[in-house]
Each structure stands twice: as C-alpha cells, then as structure tokens.
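Q: here is the input, now give the coordinates:
(chains A and B)
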Amino acid sequence: MMGLGFDGRVFEDNFLIADIRAKADFPIERRFWFDPAFNPGQTALMHRQPDDVWRLDFQLGWDIDRKAELNDDKVRARVRGMIGEGIDFNLVWTSIYTFRCCTMDEYVHGPVIFAGDSAHQVSPFGARGCNGGIQDADNLAWKLDLVCKGAAPKSLIDSYHLERKEAGLENIKNSSRSADFLTPRSPAHALFRDAVLDLVEQQPFARPMVNSGRLSSPCFYAQGRLFGEDALDGPLRSAPGSPAPDCPVGDDFLLGILKSNAFMLLSIGLELPHNVDISGAILPAIVLPAKDDLLRKRYLGDNPQAIYLIRPDQHVAARWAEFDPQDVARALKQSTGRVS
Amino acid sequence: MTLTLTPNLQNPDDFYAALLRAHDGLSEEETHALNARLVLILANHIGDLTTLEAALAAARGTSVKKADATTQ
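A: Purely as a prediction, here's the structure:
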C-alpha cells in the first residue's frame, strides 16, 4: 500500500514444531541438541509449556517435502525418536516454519507508525520477536500520549524510530548470530561451529560460545537524544538510556514499584515528598532507603544516595547525586523532546 | 594489548615441529578440525577482541569487515 521495502536475510532452513501433551518428568529447563542420534546432522529443542504440553522443535534443512514432513505418522516417529518408548503422548499441534531477519529503513512514515513484526522480523531464537514488539509499544505509547495531549512536540515520535530501530538492529544482530550457529552457511562456518561443539565437553572456555539463542533483554539506548545528564558516578548498567535494572526491594521487586504511566522520580537514600513539583508539573516519587544490597549495587555503587528520573517505559532518563528541581526540569524537558 | 608481529617464539623450530607432529596421521578433514579447535583455544588465551581482530586482519592480508552481515 505504501510501497515500502523490507530488507534482510532469509535463512535457508525449515523447522518442524510438534507440540505434544504428555505426562513426563523431563527437566523443566529449555534443552537444545546439536546433531542428536534422533535427528542426525540437525538440531532439536524441547521446552515446557503450560498444561503438560511440551514443545518439540526439529531442524529439517532446506530441501524438504513439507507435506510429507507434516504427515502425522512421520511426526509421531520423530517424537518417539526424541522422547523414547514408554511415554504416552498426543500431538496437540504441528507446523513447519522458516524465518528471516529483516527491518524497515524507517519506522515512522508521517501518521503511519510501524511496530512489531511489521517493522522488523527476527528468528525465534532468543524470544526477541514478541518481546521486541511489546517494547516497541512501551516506547511509543507514552510518546503518543504526550503528543496527543499537546504536552510534547510531534517530533518526539521521531525518537521512537531512532530508539526502536537501534533495538531492532540489536535484535537482528543477536538473532542472526544464533541462526548462523544453528545453520552454518558455508563449510568454514560449519568447521568452527563443530570445533566449538567438539571442545565443550572438556573445555569450559568454549561453553559460552555455544549459541542456541541469546535470550532477549531490553535495549540499552545509546541514541542519547532524549536522555539527560548522568550526574552520578554510578554503575554503568543503570546509566541514562539503560532499562532500569530490577532487584528485590523488601518483599517486592523494584520494577513492580516503578509502575507508572508518567515520568517518575526514584530517590534512594534521600527524603523526598511522594509528589514533587517540577516547574508546575507534579511528578510522583518513589523513595527507598539505601538498604537492599542489590539496589545499592545496581543504582548507587559507592554513593550514599541517588536521584533517578525514570521514563514511563522504565528506561533511565537521567540521574544525579543530589536533588535539584531545576536539574530535573531540564532533563524532563529534554526527555520529552521539548528541546530544539 | 597490541598484536605481536615481531619474532616472539622461544624456539621457532621446536614449535613448528610440534605443530606438524600434532597433524601427523590426520585426514584433511581432521586436520582442518584440529586447526579450528586450535584457533579457538588460542583466541580464548588472548581474550582481547582488538588484538584478535588485528590477528584476523593480518592472517587474511586485508582488513576484515567489522559488522556482521545483516544482508546478503
């Protein structure tokens, strides 16, 4: 309709999903096989789903007869090969999938904004598709809200493209690397993949190189346009641009406490009222004692106290060692695109 | 850490002989596999990515493209 391109790589491989329902005491963690006897030369995957359902995933290769592979008897034989004799199972769902890794150039085209799979697609390894889509929505919702209310200029929406394209490319990079490990594209790629797999049993150093998917984590935005100052000699992982790290706080968790549909202040080790007037705007403030170990480690480092400005999508916008409403007002202005 | 490209082996002839010995009796495929494992073991020993990238460039004879291929 808009004639927009979608560039990237198609991976020449097919994967069969067979969801089975079975009473089984398989280990609960996600298990991945390279070149197992039941699927020679290919990979396989098993992980648990709700209601006694187990997802089995078999790599099939590129030149396959899809119809023949989806034949119930053939699928059953594959499942039996994987789980062995003596476990009853029902096939719940079967499907063959392929994947590609690609992204649009621009995610914002005037009033049309692209998110999730319409903006970027990745391999399923790492759970980056759905997570990336939800993070897109998280990023866009508060910006749209402010723009629609007239509290921020329309140009704030451009930052959605900058930030989420950065995240999209990061997801594609990680997802493509996993796919390259699973589906080597050349004899040299296969040589090194097999060398890693040969080494892992005896050599601990090789184990982190096994790449069956790097689990999705939110992007640490390096596109600094919306992020304010870092006036705290604090930990890198909670610097402006970072997704606020979670940690236990008393009987709760920090991200559960930082729920807000507006910008908020997080004050650690420093008394603040629960609502702070910042140039006429009222910001909610969460005030926590500098007590919990992980909270100190992730947000304070060696500092006795800190003030964080947190965006509605729980990314850190700015941070300081001391509270000064003027500093916060300046950062808030920058974070909502009200700076020319 | 910068990549050492000046002579650094205590005894080059001993190392060269040991390298050949390690490959004795292997098929071509096995020899390639051994080299690949050796590269990974040595890379882990070096650890520093900048040094490793300099080594890859030196081995290739040209600079190796830095970014992953996202298109083809």
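
Q: please name the nearest non-neighbouring residue to the closest residue to chain B within the stretch 201-340 of chain A.
A: Residue nearest to chain B within the stretch 201-340 of chain A: A:F205 (4.4 Å; C-beta to the nearest C-beta). Heads up, the C-betas are built off the backbone N, CA and C, glycines and all. If the residues on either side of it in the chain are set aside, A:F205 comes closest to B:N44, at 4.4 Å by C-beta to C-beta, 6 or more residues apart in numbering or on different chains.

Q: look through chain B and tell me its longest helix.
A: Ranked by residue count, the top helix of chain B under DSSP state H comes out as helix B:28-46.

Q: how about residues contacting it?
A: By C-beta atoms under 8 Å, 6 or more residues apart in numbering or on different chains, the residues outside helix B:28-46 that reach it are A:191-192, A:194-196, A:198-199, A:203, A:205-206, A:209, B:1, B:22-23, B:26, B:52, B:55.

Q: in helices only, show me those.
A: Per DSSP H, helices hold the following members of the contacts of helix B:28-46: A:L191, A:F192, A:D194, A:A195, A:V196, A:D198, A:L199, B:A22, B:H23, B:L52, B:A55.

Q: outline the domain layout of chain A.
A: Listed by automatic domain parsing, the domain ranges of chain A are A:7-98, A:101-209, A:224-335.

Q: what's the end-to-end length of the second one?
A: This means domain A:101-209. End-to-end distance for domain A:101-209: 21 Å, by C-alpha to C-alpha, to the nearest Å.

Q: residue closest to the middle of chain B?
A: Centroid-nearest residue in chain B, with C-alpha atoms, centre = their mean: B:V39, separated by 4.6 Å.

Q: show the model's pLDDT score for that one.
A: Looking at B:V39, its pLDDT reads 98.

Q: coming back round to it: what about the residue of the stretch 201-340 of chain A closest to chain B, how many neighbours?
A: For A:F205, the neighbour count with other C-beta atoms under 10 Å in any protein chain shown is 14.

Q: excluding chain neighbours, what is closest to A:L156?
A: Nearest to A:L156 is A:G337, by C-beta to C-beta, 6+ apart, at 3.6 Å.

Q: hang on, the one you found in a strand?
A: No. If the criterion is DSSP: H, G, I helix; E, B strand; the rest coil, then A:G337 is coil and not within a strand.

Q: ok, now which ones touch it?
A: A:A152, A:P153, A:S155, A:L156, A:S159, A:L226.

Q: and for A:R30?
A: A:L45, A:M46, A:H47.

Q: in strands, which of those residues fall?
A: Within those, membership in strands is found for A:L45, A:M46, A:H47, as judged by DSSP state E.

Q: can you report how many residues neighbour the residue of chain B found nearest chain A?
A: Nearest residue of chain B to chain A (C-beta to the nearest C-beta) works out as B:A36 at 3.6 Å. B:A36 has 20 neighbouring residues, counting by other C-beta under 10 Å.

Q: and the residue lying closest to it once chain neighbours are set aside, what pLDDT?
A: Excluding its sequence neighbours, the residue lying closest to B:A36 (C-beta to C-beta, 6+ apart) is A:A195, at 3.6 Å. According to the prediction, A:A195 has pLDDT 97.

Q: and A:A195, how many neighbours?
A: Per other C-beta under 10 Å, the neighbour tally for A:A195 reads 21.
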